[in-house]
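In: structure for this input, please:
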Amino acid sequence: MEVIKLNDEYIKLGQALKAAGLVGSGVEAKIVILDELVMVNGEVETRRGRKLYDGDVVSFNGETIQIEQ
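Out: Here you go, the predicted model:
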């Protein structure tokens, strides 16, 4: 499980996927999100700009990202 520490109040979903190294670019993040391959807190998320806060969990391609303050 990858842990991303927040520098601000939140991080956007596309940025979190890039920061964790699960996608190579913003365009790739957009594609996998629109293809409904990404889950946030157990639910499919289709908004690349979804704001992630402390405690949120992102799942993609068998990998998990934990968002922490």
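In: and stretch 55-64, what's buried?
Out: 56, 58-60 (16 or more other C-beta atoms under 10 Å). Using the backbone N, CA and C atoms, a C-beta is placed for each residue, glycine as well.
In: so who does the closest residue to residue 58 other than its chain neighbours touch?
Out: Nearest non-adjacent residue to residue 58, counting by C-beta to C-beta, 6 or more residues apart in numbering: residue 65, 4.2 Å away. Going by C-beta atoms under 8 Å, 6 or more residues apart in numbering, residue 65 touches 1-4, 16-17, 20, 22, 57-59.
In: and the longest helix along the chain, what does it pack against?
Out: Using DSSP state H, we find that the single longest helix of the chain is helix 26-34. Using 3 or more C-beta pairs under 8 Å, 6 or more residues apart in numbering; DSSP states H and E, the elements in contact with helix 26-34 are helix 13-19.
In: contacting residues around the residue positioned nearest the centre of the chain?
Out: Centre of the chain computed as the mean C-alpha position; nearest residue by C-alpha atoms, centre = their mean is residue 13, 3.9 Å away. Residues in contact with residue 13 (C-beta under 8 Å, 6+ apart) are 29, 33, 38, 40, 45, 47-52, 58.
In: can you put the buried residues of stretch 55-64 in CSV and add distance to residue 8, pLDDT and secondary structure?
Out: As requested, those are exported to CSV (distance: C-beta to C-beta, whole Å; pLDDT from 0 to 100; DSSP: H, G, I helix; E, B strand; the rest coil):
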residue, distance to residue 8, pLDDT, secondary structure
56, 14, 98, coil
58, 17, 98, strand
59, 23, 98, strand
60, 22, 97, strand
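In: looking at the protein, which strand is longest?
Out: Determined from DSSP state E, the single longest strand within the chain is strand 63-68.
In: adjacent strands (with direction) for it?
Out: When sheet partners are counted by DSSP bridges, strand 63-68 sits next to strand 2-5 (parallel), strand 57-60 (antiparallel).
In: alright, that wraps it up for me.
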